[in-house]
Structures are given as structure tokens and as C-alpha cells.
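*Asks:* sequence first, predicted model second:
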Amino acid sequence: MKQSLFTIKENRPLTKDVYLMRLEGDTSDITAPGQFVNIKLDGLFLRRPISVNDVEGNVLTIIYKVVGTGTEQMKEMKSGTLDILTGLGNGYDTSLSGENVLLVGGGVGVPPLYMLAKKLIKEGKKVGVILGFNTESEVFFEEEFKALGCDVTVTTVDGSRGVKGFVTNALESFPDAAYFYTCGPEPMLKALYNATSIEGQFSFEERMGCGFGACMGCSCKTLYGNKRICKDGPVLKKEEIIWEK
């Protein structure tokens with residue numbers, strides 16, 4: 001973990017409520033796709049955890065949804081600096097997957113899968129992607145994944161774009177996938193867990209206090225004992241997940 005000041009270079013909307021921010025600073029502690037950063041904002045006690053979308057040299061890209069006071073404050077930022085903790089979380093392990101991989105993202109669970117897709121393609125793997133949203137106006141990053149060379153399917157709950165329904169309704173489009181990675185809201189993760197027979201890795205979205213394992217506020221039960229989502233996660237292997245009833 002490293003604390004650094006980052007300079008805001010770009011901050012623009014992708015959809016009505018989803019924004020992309022590019023920042024320049026020390027990215028050396030970000031070593032794996034699926035890690036997150038924790039951002040300090042003026043007047044707010046707790047930092048805001050945001051997943052890493054991409055890193056290119058000293059440029060960090062994050063994508064966030066405006067859902068409360070902190071992100072409302074962030075969307076108005078056009079310049080200046082941010083105090084950011086980097087290198088948080090364990091990230092995805094690409095050494096466990098075979099040559100044919102599926103990525104499944106729902107809503108703001110999509111951003112960390114972009115950096116993961118880049119890494120998997122660099123490793124010579126075939127990457128399929130399912131992006132799930134409620135409606136067409138919420139869709140983002142479809143073209144960016146396609147530009148990497150991924151086979152992309154979009155699902156919308158109302159059928160206004162792509163396959164009608166949930167991400168699980170598009171699984172049949174990727175029958176050869178031997179391993180998967182996913183990130184999204186917990187109901188989606190649980191549905192995907194129940195709908196798949198292959199192994200995979202799940203990135204969980206969780207409310208956090210400190211963001212680096214000290215407060216124990218984001219602990220969850222796993223097959224191998226209690227784990228902290230911020231420190232031991234956010235990525236857990238399918239085999240260790242225990243769903244709360």
C-alpha cells in the first residue's frame with residue numbers, strides 16, 4: 001500500500017451517472033487487475049474505495065458511479081489533486097485460467113475487468129466478455145473491450161440492447177469457456193455461481209471502513225475461515241465462497 005498525491009487529468013461522463021477519471025501519479029503499487037484505490041475527499045471522514053480500471057505508465061484510470069456525497073463531489077472535479085491509497089486488495093490471478101476465458105461484469109463491476117482483459121490477451125488467451133446492464137442508456141465500455149479483441153455480448157434487463165435478461169442468459173454464447181472472472185452486485189454473483197459448473201474468481205463489492213484490513217469492518221465467512229474483503233479480497237475463488245442464507 002502506498003499513499004500518493006494524484007493530479008486529475010480528465011473527468012468525464014460515460015453515461016448519466018457513470019464517470020471516467022484519469023489521474024497522474026505514482027502507480028507502482030498497482031500490480032494486478034482487480035485491485036482498488038481509496039480516495040480521500042474534503043469534508044468526509046472515510047475514504048472512497050474505487051476499483052482500478054486501467055494503468056498505463058503513471059496514468060491511473062478509474063470509473064465510478066455517482067451514488068452519494070463522495071461521488072457527487074468527485075464528478076465536479078475538473079482539476080486539482082487527490083490523496084489516494086494505491087495497491088489495495090489482492091486482484092485477479094490469471095495463472096489459474098486456461099486458454100479460453102470468460103469475463104462477466106455487471107454495472108460498475110465492469111471497470112476492473114478491462115485491465116484484466118488486457119492482461120489475459122497479452123498472455124495469449126481467448127477472452128469472451130458478458131456486460132450486464134439494466135437498459136441501453138447504462139451501457140458503457142462495450143467498444144473498448146471489442147477494441148482489445150474480446151468477443152463481447154451485452155445483456156440488458158429490459159431487452160433494449162443485446163440479449164434480454166441477466167448475464168446468466170448469455171452464458172450459452174460461450175460454451176467453450178473453461179474458466180471465468182466476474183465482478184458486480186452480489187445478487188448477480190450468486191446467480192452466476194449457481195449457473196456455472198466451471199471454476200472462477202469473484203470480486204466482491206463491499207462497504208469498507210479503513211480499506212486495508214485494520215478495522216475488520218468488511219469481514220466475511222469463507223470455506224477457509226473469515227476473510228477481509230479489503231485485504232484478503234476483494235477477489236475470492238469460487239471454491240471458497242459461502243453464501244449467507
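*Replies:* Perfect, I can see it now.
*Asks:* use CA for all of it now, contacts and neighbours both
*Replies:* Noted.
*Asks:* can you tell me the centre-most residue of this structure?
*Replies:* Computing the C-alpha centroid of the chain and ranking residues by C-alpha atoms, centre = their mean puts Pro112 first, at 3.3 Å.
*Asks:* could you list the low-confidence segments of this structure?
*Replies:* 206-219, 221, 223-225, 227-231, 233, 245 (pLDDT under 70).
*Asks:* can you spell out the domain ranges of it, please?
*Replies:* For the chain, automatic domain parsing gives the domain ranges 2-88, 94-205.
*Asks:* quick one: those domains as JSON lines, columns for distance to Leu236 too.
*Replies:* Shown next, in JSON lines, are the domains of the chain (distance: least, C-alpha to C-alpha, whole Å):
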{"stretch": "domain 2-88", "distance to Leu236": "11"}
{"stretch": "domain 94-205", "distance to Leu236": "5"}
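*Asks:* what is the neighbour count of Ile198?
*Replies:* For Ile198, the neighbour count with other C-alpha atoms under 10 Å is 11.
*Asks:* that one and Asp176 touch, don't they?
*Replies:* No - if you go by C-alpha atoms under 8 Å, Ile198 and Asp176 don't touch, sitting 10.5 Å apart.
*Asks:* tell me who's in contact with Leu82.
*Replies:* 5-8, 39-41 (C-alpha atoms under 8 Å, 6 or more residues apart in numbering).
*Asks:* hang on, I meant Arg22
*Replies:* 8-11, 59-62.
*Asks:* ok, of the residues you listed, which come out buried?
*Replies:* 8-9, 11, 59-62 (16 or more other C-alpha atoms under 10 Å).
*Asks:* now for the residues you listed, which pair is the farthest apart?
*Replies:* In terms of C-alpha to C-alpha, the buried ones among the contacts of Arg22 reach their longest pairwise distance at Asn11 and Val59, which sit 13.0 Å apart.
*Asks:* what packs against the helix ranked longest in the chain?
*Replies:* Assignment by DSSP state H gives helix 111-122 as the longest helix of the chain. Other helices and strands packing on helix 111-122, by 3 or more C-alpha pairs under 8 Å, 6 or more residues apart in numbering; DSSP states H and E, are strand 48-56, strand 100-106, strand 126-133, helix 142-148, strand 179-184.
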